[in-house]
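Chemist: fold the following, please.
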Amino acid sequence: MNSMPSEHIVKSFDTELARLTGEIVRMGEIAVTQIEASMDVLERRDSRAAERVVHNDDAIDGLEATVSQDVVKLLVMRSPVARDLREVLAALRIASDIERIGDYAANIAKRSLALNLAPPVAPARGLPALAALASELVREVIAAYSERNPERAIAARARDADLDTLYTGLFRELLTYMMEDPRQITSCTHLLFMAKNIERIGDHATNIAENIWFLVHGNEAMPAREKRDFTSMPG
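Modeler: Residues are numbered from 1 along each chain as shown. From the prediction side, this is the model:
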């Protein structure tokens, strides 16, 4: 008789946790769509579509607010310990990282509006490859979170070094282009910040991967991460 309320609480907690996971996965899917859309509007020089990308960031912000409310609900429903507490903490952290990813995608779209006021710049062609890799990393860590798969998360985390390499190469190309043609300094500066936004998206994907490791393994040491960003450009 006494076990029934406890079993009900456990079942309710699991149901709420599953709903929370679904909300975070949805956030991640929207964030990836936003990254891809920011590149699409850049390549097409479509200012009206770029404005829609900027406004669509509200959907991610709204979901993060819902996640925060659901985390409070879970904490009130049952004072979680051990793995359950890590589930709740990881959800809060991952949602925050996805919200920042959405912000960076919106920032890219905002800068594309400024770029559209000037003639196209050749190095802009390097941004889509950088963004495609960042999108793939975000997609992978969100799938790893859905599966509670730390190995998949750490494999995605390791690929952030490839993103750093691409970013560093584009950074140097843009600097060279600016020195060769000072008339392009304004446009290239926008591109530099767009590239940095994408590089930061990779860093947030790394944060998500590390929180998945924490969720499953607690404070157990994780593999070392290689970094290849040598630009020292402020984020």
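Chemist: the protein: helices as residue ranges?
Modeler: Counting by DSSP state H, the chain has helices at residues 3-44, 47-77, 82-115, 127-147, 150-158, 160-180, 185-217.
Chemist: contact partners of the fifth one?
Modeler: Identification of contacts with helix 150-158 by Cβ atoms under 8 Å, 6 or more residues apart in numbering yields 137, 140-141, 143-145, 205-206, 208-210, 212-213, 215-217, 222-223, 225-226. For every residue, glycine as well, the C-beta is placed using N, CA and C.
Chemist: out of these, which are buried?
Modeler: Applying 16 or more other Cβ atoms under 10 Å to the contacts of helix 150-158, the neighbour count classes 137, 140-141, 144-145, 205-206, 208-210, 212-213, 215-216, 222 as buried.
Chemist: quick one: which of those is nearest to residue 17?
Modeler: residue 215 (11.3 Å; Cβ to Cβ).
Chemist: distance of residue 147 from residue 215?
Modeler: The gap separating residue 147 from residue 215 is 11 Å, by Cβ to Cβ, to the nearest Å.
Chemist: hang on, I meant residue 93
Modeler: To residue 215, residue 93 is 9 Å away according to Cβ to Cβ.
Chemist: then residue 209?
Modeler: According to Cβ to Cβ, residue 209 and residue 215 sit 11 Å apart.
Chemist: residue 83 too?
Modeler: Noted for residue 83: a distance of 8 Å to residue 215, by Cβ to Cβ.
Chemist: go on, residue 176?
Modeler: From residue 176 across to residue 215, the span is 43 Å (Cβ to Cβ).
Chemist: so who does the nearest residue to residue 100 once chain neighbours are set aside touch?
Modeler: Spatial nearest neighbour of residue 100, chain neighbours left out: residue 204 (5.3 Å); criterion: Cβ to Cβ, 6 or more residues apart in numbering. By Cβ under 8 Å, 6+ apart, the contact list for residue 204 reads 97, 98, 100, 101, 104, 138.
Chemist: can you report how many residues lie near the nearest residue to residue 162 once chain neighbours are set aside?
Modeler: Sequence neighbours aside, residue 133 is the residue nearest to residue 162 in space, at 6.4 Å (criterion: Cβ to Cβ, 6+ apart). Around residue 133 there are 21 other residues, counting by other Cβ atoms under 10 Å.
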